[in-house]
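>>> Below are the sequence and a predicted model for it; my questions follow.
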Amino acid sequence: MDYKQLVATAVADATDGQVTASDIYEKIEVPKTSQNGDLAFPTFILAKQLHAAPQQIAKKLVEKIDTTNFSKVVVVGPYLNFFLDQQQVAQQVLGEVLVEKNHYGDNEDGHDQTVTIDMSSPNIAKPMSMGHLRSTVIGNSIAKLLSKNGYRPIKDNHLGDWGTQFGKLITAYLKWGNEDDVKRDPIHYLVQYYIRFHHEDEQDPTLDEEAREWFKKLEDGDPEAVQLWKWFREVSLQAFNQTYQKLGVSFDTYNGESFYNDALQGVVDTLRKDGLLEKSQGASVVDLSSDNLNPALILKSDGASLYITRDIATAIYRDQTYHPVMNLYVVGSEQTYYFKQLKAVLKKMGLKSAAGLHHIPFGLITVNGKKLSTRHGNIVLLNEVLAESIKLAQAQIAAKNPDLKNKEQVAEEVGVGAVIFGDLKNERIDPIDFNLQEQLKFEGETGPYVQYAHARAESVLKKAHQPLPTKITQLTMTDDAWTIIKMLQNFPATVRRANREFEPSMIAKYALRLAKAFNKYYAHTKILTDDDQLNDRLALVQAVSLVLKEALRLLGVQAPDEM
């Protein structure tokens, strides 16, 4: 039941239709303390329409409001404060959670429409660094949120498997490479060759020309160039998939940039045919002045394609193959202007899904204050961070619960979960500085803190030694219990809002608040006391466990039953 809607309707009815419920709904607030009620409406926004002082409006309306669904409605200055019927809300909310379980909060807003998500997208022959974490875990969580809201997400790992960097890598490998080394540890050695190339070309500019020649050979189908490129791609994917497996991330397609090579000429021909392509200093561009944007460079003066040429081909393919209602690009915020240009070009081309193109930007990640750069050799490998996180989790388990069953599996779930949660608890647009030791703490705003709250709830249910409840009768309503009930009630709305704003941090912050509220309830309440309220207290604990686990799942984080 949407209690905000009940408040909005009650206020609208009391104005005799002078104000609509939809106008009121968006203005309803949640008081800072429960002593001021559960929901509040500021009547000063009605002053112009009702031609009266806010306090007078509040006093007049409170006499006419139907209180059937509320325990009481009181006036506090210009506010109408609504107190909900706590037992009624508790029975309704806990009943829904216990019946729907992990499906609590599901909705059909998306009507099974398809949404493509361009995410992760590492470059072939380079290691997955911490710099790839954000696009991967943000995209994965958004996909889970879309599914919960009734959409059908298609996760596309648009690999960086084409471009001049492969000319550089082929040049470097042929000059300094060793086949046995690459077979033994492919990513390590390939990236070392790439780094050496950039050091050497500062002293020897002819290397850049040689690299361009090798990329031209690759584009022209030269057997040696193609064979090396395929090898680099294959060994890279094997390494990437080990990392994705640890993160619990999968994809529906791995169509990289090379997949669209044959479509590039068609893009150019279409733009030219539609009269959109213009010459500018020898290059081919699309004029975007009508969108207050700089021209989009489609072809260089030498006829070479660019990223946008490939992204146009990709968008056309996705439009024709998946017919998406939205096409999401989970890419760093430094590319915001580029995606405005891409969307503008696609709109001019009349692409059906162009209006639904959304850039999902995120802030830069640094590790212990340092920026990451493959070119300059400043790399923090994602695999190594995950391994170290698991190791730290193992040490914590050994110290706190050495007899834990499946402790290796739990350590992996806690260690990997700490890294994912450590990213997603931040609003995605904010830059973040990642500190692994901070994220592994079992107190504070961390993944292990939420996981431990869930495990604690499961431990209580296990110790009860009785069938899990399916409903409640008359829960003793302490302030701690009521806080939890209201938070559980708010989960479906949080799911909707997080999806609407493509913001996984809303789920992470919700999980932290719920975990904190439960830990407070656990500290103040003797849950397992054998009295006529035991069943109702267990119902509350089970509901918390279910919702915490589902919130963590939406973030891509596991929820161990024991820790």
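Okay, I see it. The shown structure was predicted, so the numbers you read here are calculated from the model rather than taken from an experiment.
>>> same for the helix or strand containing S459, what does it pack against?
Using DSSP states H and E, S459 sits within helix 447-464. Counting contacts by 3 or more C-beta pairs under 8 Å, 6 or more residues apart in numbering; DSSP states H and E, helix 447-464 packs against helix 407-424, helix 505-524, helix 534-555. Any C-beta I mention is one placed from the backbone N, CA and C, and that applies to glycine too.
>>> quick check: angle from the longest one to helix 447-464?
Think helix 534-555. Using axes from the mean of the first three to the mean of the last three C-alpha atoms, to 10 degrees, the inter-axis angle of helix 534-555 relative to helix 447-464 is 150 degrees.
>>> Helix 534-555 packs against which elements?
helix 86-100, helix 133-148, helix 407-424, helix 447-464, helix 479-489, helix 491-500, helix 505-524.
>>> just how off-centre is the worst-scoring helix or strand of the chain on mean pLDDT within its chain?
Between all helices and strands in the chain, the lowest mean by mean pLDDT, DSSP states H and E belongs to strand 365-367, at a mean of 87. How far strand 365-367 lies from its chain's middle: 18 Å, per C-alpha atoms, centre = their mean, to the nearest Å.
>>> can you list the residues that contact that strand?
Residues from elsewhere that reach strand 365-367 (C-beta atoms under 8 Å, 6 or more residues apart in numbering): 130-131, 133-134, 372, 380, 385, 423, 431-434.
>>> continuing past that strand, what's the next helix or strand?
Scanning forward in sequence from strand 365-367 by DSSP H and E, the next helix or strand is helix 382-400.
>>> to the chain's geometric centre, what's the distance from that following helix?
Mean-position distance between helix 382-400 and its chain equals 24 Å (C-alpha atoms, centre = their mean).
>>> Report all helices and strands that that helix contacts.
Helix 382-400 packs on helix 223-247, helix 407-424, helix 436-439, going by 3+ C-beta pairs under 8 Å, 6+ apart.
>>> Same list (those) but as JSON lines, adding mean pLDDT, distance to F70 and mean neighbour count.
Below are the helices and strands packed on helix 382-400 laid out as JSON lines (pLDDT from 0 to 100; distance: least, C-beta to C-beta, whole Å; neighbours: other C-beta atoms under 10 Å):
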{"stretch": "helix 223-247", "mean pLDDT": "94", "distance to F70": "46", "mean neighbour count": "17"}
{"stretch": "helix 407-424", "mean pLDDT": "97", "distance to F70": "36", "mean neighbour count": "24"}
{"stretch": "helix 436-439", "mean pLDDT": "92", "distance to F70": "42", "mean neighbour count": "16"}
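>>> re the thing from before, nearest to A399, out of the helices and strands packed on helix 447-464?
Closest approach to A399 among those (C-beta to C-beta): helix 407-424, 11.7 Å.
>>> next helix or strand past the closest one?
Past helix 407-424, the next helix or strand by DSSP H and E is strand 432-434.
>>> which other helices and strands contact that following strand?
Helices and strands touching strand 432-434, by 3+ C-beta pairs under 8 Å, 6+ apart, are strand 365-367, helix 407-424.
>>> of the contacts of strand 365-367, closest to L461?
Using C-beta to C-beta, D423 is the member of the contacts of strand 365-367 that lies nearest L461, at 30.3 Å.
>>> Contact partners for that closest one?
Per C-beta under 8 Å, 6+ apart, neighbours of D423: 133-134, 137-138, 365, 432, 434.
>>> so where do the helices sit in the stretch 201-350 of the chain?
Using DSSP state H, counting those that start in this stretch, the helices of the stretch 201-350 of the chain run over 206-219, 223-247, 264-273, 307-322, 336-348.
>>> could you give the angle of the second one to helix 133-148?
Okay, so that is helix 223-247. 60 degrees.
>>> And helix 223-247, how far out from the chain middle?
Here the centre of helix 223-247 is set off from its chain's centre by 26 Å, with C-alpha atoms, centre = their mean.
>>> again with stretch 423-436
A distance of 12 Å separates the centroid of the chain from that of stretch 423-436, by C-alpha atoms, centre = their mean.
>>> Kindly report the same for stretch 470-477.
Counting by C-alpha atoms, centre = their mean, stretch 470-477 is centred 35 Å from the centre of its parent chain.
>>> pLDDT averaged over that stretch - what is it?
Stretch 470-477 comes out with an average pLDDT of 86.
>>> Show me what counts as buried in that stretch.
By 16 or more other C-beta atoms under 10 Å, the buried positions in stretch 470-477 come out as 472, 475.
>>> tell me the domain ranges of this protein?
Following automatic domain parsing, one gets these domains for the chain: 3-84, 114-275+306-366, 382-555.
>>> In CSV, list the ones you listed along with distance to E100.
CSV is the format used below for these (distance: least, C-beta to C-beta, whole Å):
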stretch, distance to E100
domain 3-84, 18
domain 114-275+306-366, 12
domain 382-555, 9
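>>> who's in contact with stretch 39-56?
By C-beta under 8 Å, 6+ apart, stretch 39-56 touches 3-4, 7, 11, 15, 18-19, 24, 27-31, 57-58, 60-61, 75-82, 84.
>>> Report the buried residues of it.
Residues of stretch 39-56 classed as buried by neighbour count (16+ other C-beta under 10 Å): 39-41, 43, 45-46, 50, 54.
>>> Using CSV, list the CA coordinates for it.
Extracted in CSV, the C-alpha atoms of stretch 39-56 (Å, rounded to 0.1, in the frame of the first residue of the first chain):
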residue,chain,number,x,y,z
LEU,A,39,4.5,11.6,6.9
ALA,A,40,4.0,15.3,6.7
PHE,A,41,2.5,17.8,4.3
PRO,A,42,3.6,21.5,4.2
THR,A,43,0.5,23.5,3.7
PHE,A,44,2.3,26.7,2.8
ILE,A,45,2.5,25.5,-0.8
LEU,A,46,-1.3,25.9,-0.9
ALA,A,47,-1.3,29.5,0.3
LYS,A,48,-1.8,31.1,-3.2
GLN,A,49,-4.4,28.6,-4.3
LEU,A,50,-6.5,28.7,-1.1
HIS,A,51,-5.9,32.4,-0.3
ALA,A,52,-5.1,31.9,3.3
ALA,A,53,-2.1,31.7,5.7
PRO,A,54,-0.5,28.3,5.9
GLN,A,55,-1.3,27.7,9.6
GLN,A,56,-5.0,28.6,9.0
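>>> can you give me how far that stretch is from the chain middle?
Centroid separation between stretch 39-56 and its chain, computed with C-alpha atoms, centre = their mean, is 39 Å.
>>> try stretch 52-63
Offset of stretch 52-63 from its chain centre (C-alpha atoms, centre = their mean): 43 Å.
>>> Stretch 452-470 too?
Relative to its chain's centre, stretch 452-470 lies at 29 Å (C-alpha atoms, centre = their mean).
>>> can you check stretch 528-542 too?
From the chain centre to the centre of stretch 528-542 is a distance of 35 Å (C-alpha atoms, centre = their mean).
>>> list the contacts for I170?
Going by C-beta under 8 Å, 6+ apart, I170 touches 211, 214-215, 218, 225, 228-229.
>>> which element follows the helix or strand harbouring it toward the C-terminus?
Using DSSP H and E, I170 falls within helix 164-176. Under the assignment DSSP H and E, the closest C-terminal helix or strand after helix 164-176 is helix 179-184.
>>> What separation do you get for the most centrally placed residue in the chain and E562?
Residue closest to the average C-alpha location in the chain (C-alpha atoms, centre = their mean): I138, at 3.2 Å. Separation of I138 from E562 (C-beta to C-beta, to the nearest Å) stands at 29 Å.
>>> now do A225
Counting by C-beta to C-beta - A225 and E562 are separated by 54 Å.
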